[in-house]
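Enquirer: With the sequence up front, the predicted model follows.
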Amino acid sequence: MQNQSVDVLIIGAGPSGAVSAAYLHKQGFQVKVVEKSKFPRFVIGESLLPRCMDHFEEVGLLNALKAKNFEVKAGARFMRGEKICNFDFSKKFTEGWDWTWQVPRADFDKTLTDTLESWGVDIAFEQEVVGVDFKGSDSITTLKDKDGSLSAIEAKFIIDSSGHGRVLPRLLDLDKPSDIGRHSSIFTHVKDSKRPEGREGTIITFDIVSLDTWLWVIPFSNGYTSIGFVGPSDYIDSFSGSNTEKLQEMMKLSDYYFDRFDGLAYEFEPVVIKNIAKSVKKLYGEGFALTGNSAEFLDPVFSSGVTFATESSLVASKLIARQLSGEKVDWETEYSDYMKQGVEVFATYVKEWYTGNLQTIFFDSNDNPVIKAQICAVLAGYVWDRENPFVKNHHRLVKTVARIAEMEKEADSSIES
């Protein structure tokens, strides 16, 4: 069995692993990235948030991504029946990027790894992690390639960016139940031959068909569109037949989008991910850190996945660089507490979405531009800005504003009657 020794082993070559690899490589550390799949490969998480643009720019990956001309995402649209709520990222409370992208992840992730390899970063595809043995902060990781051959990598630190593979949570028994509701998703891609011209054909839309069930529509610049439903796991399971038949039946729930996608062939058999939300007992340990979906995943509703992935990987990489340079690092405060702060903000918004409180605010006829700008900043991923009242007071402010909106609606109804 061949052995290799590196400073940092990164498990997973998606956006989280790529940002870590880019940062640490530029800092002069010897990095090895191992990836179970062969790129390009399909993966979900196709809608980004403006906050992650900061990360790609800081580590030098932004220009390579810009060159691919992915579909620009300057905001998002939420629909419920006849009511429409538009968010424009240029009108958000927090300063920062006013746009991001909607991306087919196969192309997006391949662009990242191609760029890293052109810099000389060592990436090994089709390598599955089958075991990890820690001796203090040092580790030996056992890999198995597609032919079944084993190899080992010695590392001073491991970053687990394995996404839904959740390598270290499985191997180290770190998984714990999420307190987000049990939701599942079903999705595919279509060649969007009936796509309307202009903004109507390119804007990402969340079409709410019931309080806790909604359809995403994410157009790409290559002419394809991602469509998928999210809803309670029991409800998704209640549809019979193949996954194609299930999604075709669910598309009838959308009065707005049914005609646009009716009769279009699915590019692949729709994929079902059950019980989407994931959590862990801890985000780090001696010699390792969990980033992105290998740590926490909430819900697709506000597209937070990639942003948390790149935020956590960049923060973790900076701490690792300091630690390997001999500096003492407070991982609990500087990593765990910091990341949990952002996760808790977004978790509130996910939970309040499904209680209906956030939907009440979104579709309130008495639209308050100040409140909308503050919520828009959250939806853009700037969930660490404590100057934003809807970040600082997230636990109570959404409920309070929704209650006021309901009271005003009741008062208006009384006056009309």
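Expert: Looks like it arrived, so ask away.

Enquirer: give me every residue that touches residue 101.
Expert: When contacts are counted by C-beta atoms under 8 Å, 6 or more residues apart in numbering, residue 101 touches 48, 65, 70-73, 108. (Glycine included, C-beta is placed from N, CA and C.)

Enquirer: Out of the residues you listed, give me the one that has the most neighbours.
Expert: residue 48 (28 neighbours; other C-beta atoms under 10 Å).

Enquirer: Let me see the ranges of the strands in the stretch 251-400 of the chain.
Expert: Taking DSSP state E, counting those that start in this stretch as the test, the strands found in the stretch 251-400 of the chain are 271-273, 279-280, 284-285, 288-290.

Enquirer: which outside residues touch the last one?
Expert: Residues lying outside strand 288-290 but in contact with it, judged by C-beta under 8 Å, 6+ apart, are 134, 139, 157-160, 168-169, 174, 280, 283-284, 312, 316, 319-320, 331, 335.

Enquirer: could you redo the last one with a cut-off of 10 Å?
Expert: 8-9, 11, 16, 20, 132, 134, 137, 139, 155, 157-162, 166-169, 172, 174, 280, 282-284, 295-296, 312-313, 315-317, 319-320, 331, 335-336, 339 (C-beta atoms under 10 Å, 6 or more residues apart in numbering).

Enquirer: Quick one: buried ones out of the residues you listed?
Expert: Neighbour-count burial (16 or more other C-beta atoms under 10 Å) is assigned, among those, to 8-9, 11, 16, 20, 132, 139, 155, 157-162, 166-169, 172, 174, 280, 283-284, 295-296, 312-313, 315-317, 319-320, 331, 335-336, 339.

Enquirer: before we move on, the earlier item: now, which of the contacts of residue 101 lie within helices?
Expert: 65, 108 (DSSP state H).

Enquirer: related to what we said a few turns ago, okay, and which of the contacts of strand 288-290 map to helices?
Expert: Counting by DSSP H, the contacts of strand 288-290 place 16, 20, 167-169, 312-313, 315-317, 319-320, 331, 339 in helices.

Enquirer: rewinding a little: save the contacts of residue 101 as a markdown table, and put in distance to residue 271 and pLDDT too.
Expert: Compiled in a markdown table, these are given as follows (distance: C-beta to C-beta, whole Å; pLDDT from 0 to 100):
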| residue | distance to residue 271 | pLDDT |
| --- | --- | --- |
| 48 | 20 | 97 |
| 65 | 25 | 98 |
| 70 | 21 | 98 |
| 71 | 21 | 98 |
| 72 | 26 | 98 |
| 73 | 22 | 98 |
| 108 | 18 | 98 |
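
Enquirer: of all the contacts of residue 101, which comes closest to residue 195?
Expert: Nearest to residue 195 among these is residue 71, at 11.3 Å by C-beta to C-beta.

Enquirer: Residue 268: how many residues sit nearby?
Expert: Residue 268: 11 surrounding residues under other C-beta under 10 Å.

Enquirer: re the thing from before, which of the ones in helices among the contacts of strand 288-290 lies closest to residue 228?
Expert: Closest to residue 228, out of all of the ones in helices among the contacts of strand 288-290 and judged by C-beta to C-beta, is residue 16, at 21.5 Å.

Enquirer: mind checking pLDDT for the closest one?
Expert: On the pLDDT scale, residue 16 is placed at 97.

Enquirer: and it, what is it in contact with?
Expert: Residues near residue 16 by C-beta under 10 Å, 6+ apart: 10, 55, 159-163, 290-295, 305-306, 308-314, 316.

Enquirer: What of residue 14?
Expert: Neighbours of residue 14 in contact, by C-beta under 10 Å, 6+ apart: 35, 37, 39, 41, 43, 45, 105, 108-109, 112-113, 161-165, 291-294, 306, 309-310, 313.

Enquirer: One more: residue 173?
Expert: So residue 173 contacts residue 281 (C-beta under 10 Å, 6+ apart).

Enquirer: where does it sit relative to residue 42, distance-wise?
Expert: 29 Å (C-beta to C-beta, to the nearest Å).

Enquirer: Listing request: residues of the stretch 201-350 of the chain with sub-threshold pLDDT.
Expert: Of all residues in the stretch 201-350 of the chain, none has pLDDT under 70.

Enquirer: follow-up on the earlier one: just the ones in strands from the contacts of residue 101, please.
Expert: Among the contacts of residue 101, the ones falling in strands (DSSP state E) are 71-73.

Enquirer: now, which of the residues you listed sits nearest residue 196?
Expert: Out of the ones in strands among the contacts of residue 101, the member with the shortest distance to residue 196 (by C-beta to C-beta) is residue 71, at 14.3 Å.

Enquirer: sorry, back to before: okay if I get the ones in helices among the contacts of strand 288-290 as TSV plus distance to residue 97?
Expert: Below are the ones in helices among the contacts of strand 288-290 laid out as TSV (distance: C-beta to C-beta, whole Å):
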residue	distance to residue 97
16	18
20	21
167	31
168	31
169	31
312	18
313	18
315	18
316	22
317	20
319	24
320	26
331	28
339	20
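
Enquirer: nearest to residue 191, of those residues?
Expert: Taking C-beta to C-beta as the measure, residue 191 lies nearest residue 16 of those, at 29.6 Å.
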